[in-house]
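Trainee: this one's structure only:
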């Protein structure tokens, strides 16, 4: 599918510990720069809004923050929409795959609604990191393209899950 790529990703749980962060959910919004050490972390501009929308949809989602202070938000001055990186833990993927479908639907609807009526000439970027059940490895699904392409993400995730079984 056009606009999609899949790559290996760092061990999210271990990397969170390195940054001094605590995962409390299986559905987490990761900050920009999370996969690298020694870098200032920051959330994408719409991360808080996406978190609120996911909570309204009844999902237990965590926006990763330090225990004693909030991470800053990055304000991008471009025609592109850059979404927060969504981490989906193996337990959630295996026991409640519908939660992932709901989360992706909420994000896709938000992007469509936000950009509707605007002369949007940019692209949408969204990363989803999944923890694979058996191997405990992590893969990042990266999308960059028109907003309409986000509708394919659930299918991409299903194919990856079938592949790892």
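Mentor: It's in. Because the structure is predicted, anything quoted here is derived from the model rather than measured.
Trainee: my guess is residue 29 is in a strand, correct?
Mentor: Yes. When DSSP: H, G, I helix; E, B strand; the rest coil is applied, residue 29 is found to be in a strand.
Trainee: any idea how far residue 124 is from residue 62?
Mentor: Computed as Cβ to Cβ, to the nearest Å, the residue 124 to residue 62 distance reads 23 Å. Placement of C-beta: from N, CA and C, glycine included.
Trainee: If you count surrounding residues, which of the two has more?
Mentor: residue 124 (24 against 18; other Cβ atoms under 10 Å).
Trainee: The more buried one bridge partners, please.
Mentor: When assigned by DSSP bridges, residue 124 has beta-bridge partners residue 81, residue 145.
Trainee: Surely it touches residue 107?
Mentor: No. If you go by Cβ atoms under 8 Å, residue 124 and residue 107 don't touch, sitting 9.8 Å apart.
Trainee: which residues sit against the helix ranked longest in the chain?
Mentor: Longest helix in the chain by number of residues (criterion: DSSP state H): helix 97-115. Residues from elsewhere that reach helix 97-115 (Cβ atoms under 8 Å, 6 or more residues apart in numbering): 27, 46, 49-50, 53-54, 57-59, 61, 81, 83, 86, 88, 92-93, 124, 126, 128, 147, 150-151, 153-154, 157, 161.
Trainee: May I see the buried residues of it?
Mentor: Across helix 97-115, burial judged by 16 or more other Cβ atoms under 10 Å covers 99, 100, 102, 103, 104, 106, 107, 108, 110, 111.
Trainee: For residue 11, state which of the residues you listed is nearest.
Mentor: residue 100 (19.7 Å; Cβ to Cβ).
Trainee: Let me know the pLDDT of residue 79.
Mentor: Turning to residue 79, the model gives it a pLDDT of 67.
Trainee: got the end-to-end distance for stretch 76-85?
Mentor: Counting by Cα to Cα, to the nearest Å, you get 15 Å between the two ends of stretch 76-85.
Trainee: in that stretch, what's buried?
Mentor: Those would be 81, 82, 83, 84, 85, for stretch 76-85 by 16+ other Cβ under 10 Å.
Trainee: Not counting its neighbours along the chain, what's nearest the third one?
Mentor: Spatial nearest neighbour of residue 83, chain neighbours left out: residue 126 (4.1 Å); criterion: Cβ to Cβ, 6 or more residues apart in numbering.
Trainee: Tell me how many other residues crowd that neighbour.
Mentor: Neighbourhood size, residue 126 [other Cβ under 10 Å]: 26.
Trainee: same thing with residue 38?
Mentor: 7.
Trainee: how near is it to residue 21?
Mentor: Here the distance between residue 38 and residue 21 works out to 14 Å (Cβ to Cβ).
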